[in-house]
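Participant: curious how this folds, go ahead:
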Amino acid sequence: MLSRYWGYLGPTGEGGPVSTDELALFLRERLITVETPVRPAEGMRWEPLAHWLPELAPFAARPDDTRVRPDPGPSNSPQPFADQPVEPRAPAALEELPFVLAPPPGPAAPSSRRGWTDRAPHPWRRYGARLLDAAVLGYPTALLLGAIGGVVAPTQTQGVITFLTTDLWGRVADIMLNVLLVIPAHAILLGLTGSTPGKWLFGIRIVRPDGRPIGVFTAFWRELRVWFQGLAMGIPFVSLFTLFAGFSWLKDDGHTPWDPPKRRVALHRPQGAAQVLLALLGLALLIAVRVWEAQP
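Facilitator: So this is what the prediction gives:
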């Protein structure tokens, strides 16, 4: 077996990830066929289901059959399962499954109605969104903490600010602190809405497989993993290696380790004139914030 989880293409777009057992159930319920395009959750190549999982062909039986009748396909080879009786089995409730391939005609899913239909990996978009969020969310958080510290412990706060802005190691600590301070605001926005200012401008949403926001608690632990595994806690030079590793994961597997396809999916606004303009706006905002921060 090549993979435990699979994506598939249906009338409303890409679905999944689903397990091999769920694909068998979809075949049995005639929601998909052996010709449905399928790919491993960790891969990028689409092939008919029969190519990846030929052993599931016996499940492509009509509901009124009493015996399994494998799809004949293009081959004339013998069908060893044709005379084996089907064991009685209560069908699973479709609402309990993470995806249904061919729902009855009706309104499109919320993400489809709003244009979030692109599931291809976009590493540079995600990197740009992360930089913009660090600038837009991290700096105001630092200002707020500085203001609170100025009231509670003004002398100590001024000493910390002087260290962070003048000493070489203080500047390194400032970079690491900024990466850490952005986590709470980022987790709240991502957990409640599925996006952040940077992600929205660069056309990215991180949601559950059913399209709902992932929740603040899940988003917080996701951000901690990004901070440690993806950004190396902001340590200069070390973070370059983890960023490259994250880039490679996203390009090769289609997802990052902190967004397992069974739990979360990354949706993107399709590339077009509107998205290009929004991304340029994001870059301009990032430059403006950095220039403003550099002012004495």
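
Participant: please count neighbours and contacts with C-alpha atoms only from this point.
Facilitator: OK.

Participant: buried stuff in stretch 217-227?
Facilitator: For stretch 217-227, the neighbour count (16 or more other Cα atoms under 10 Å) marks 219-220, 222-227 as buried.

Participant: same check on stretch 284-296?
Facilitator: Buried-residue list, stretch 284-296, by 16+ other Cα under 10 Å: 285-286.

Participant: so which of the buried residues of stretch 217-227 is the closest to Glu55?
Facilitator: Nearest to Glu55, judged by Cα to Cα, of those is Arg222 at 36.5 Å.

Participant: and that closest one, what element?
Facilitator: If you go by DSSP states H and E, Arg222 is part of helix 216-225.

Participant: then Ala266?
Facilitator: Counting by DSSP H and E, Ala266 is found in strand 265-268.

Participant: where does that strand sit relative to the chain's centre, distance-wise?
Facilitator: 5 Å (Cα atoms, centre = their mean, to the nearest Å).

Participant: what do you get for stretch 200-215?
Facilitator: On Cα atoms, centre = their mean, the centre of stretch 200-215 falls 7 Å from the chain's centre.

Participant: for it, which outside residues touch it?
Facilitator: Stretch 200-215 has contacts (Cα atoms under 8 Å, 6 or more residues apart in numbering) with 16-17, 98-99, 110-111, 116, 125-126, 128-129, 190-195, 199, 261-270, 275, 278-279, 281-282.

Participant: now stretch 217-236
Facilitator: 172, 175-177, 179-180, 183-184, 186-188, 190-191, 238-240, 242-243, 245-246, 258-259.

Participant: quick revisit: residues making contact with the helix or strand just after the helix holding Arg222?
Facilitator: Sequence order places helix 238-253 as the next helix or strand after helix 216-225, per DSSP H and E. Under the criterion Cα under 8 Å, 6+ apart, residues 41-44, 121-123, 229-233, 255-257 lie in contact with helix 238-253.

Participant: which strand or helix spans Ile161?
Facilitator: helix 154-166.

Participant: what of Ala50?
Facilitator: Assigned by DSSP H and E, Ala50 falls in helix 49-52.

Participant: okay, now the unreliable bits of the protein?
Facilitator: Flagging of the chain using pLDDT under 70 yields the residue ranges 1-4, 11-13, 42-44, 61-115, 296.

Participant: now the strands: where do they sit in it?
Facilitator: 5-10, 13-19, 37-40, 47-48, 204-207, 265-268 (DSSP state E).

Participant: tabulate those strands in CSV, adding columns for distance to Phe163 and mean neighbour count.
Facilitator: Formatted as CSV, those follow (distance: least, Cα to Cα, whole Å; neighbours: other Cα atoms under 10 Å):
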stretch, distance to Phe163, mean neighbour count
strand 5-10, 50, 21
strand 13-19, 49, 20
strand 37-40, 50, 22
strand 47-48, 58, 16
strand 204-207, 36, 24
strand 265-268, 39, 24
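
Participant: please identify which of those is closest to Thr157.
Facilitator: strand 204-207 (36.3 Å).

Participant: need the CA coordinates for that closest one. CSV is fine.
Facilitator: Provided in CSV are the C-alpha atoms of strand 204-207 (Å, rounded to 0.1, in the frame of the first residue of the first chain):
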residue,chain,number,x,y,z
ILE,A,204,-3.9,31.9,2.1
ARG,A,205,-6.3,30.2,4.5
ILE,A,206,-5.5,27.4,7.0
VAL,A,207,-8.7,25.5,7.9
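
Participant: partners of it in the sheet?
Facilitator: strand 265-268 (antiparallel) (DSSP bridges).

Participant: which strands or helices does the helix holding Ile161 pack on?
Facilitator: Counting contacts by 3 or more Cα pairs under 8 Å, 6 or more residues apart in numbering; DSSP states H and E, helix 154-166 packs against helix 139-152, helix 168-193.

Participant: pick the most deeply packed of these.
Facilitator: helix 168-193 (a mean of 18; mean count of other Cα atoms under 10 Å).

Participant: could you give the angle of that one to helix 139-152?
Facilitator: 110 degrees (axes from the mean of the first three to the mean of the last three Cα atoms, to 10 degrees).
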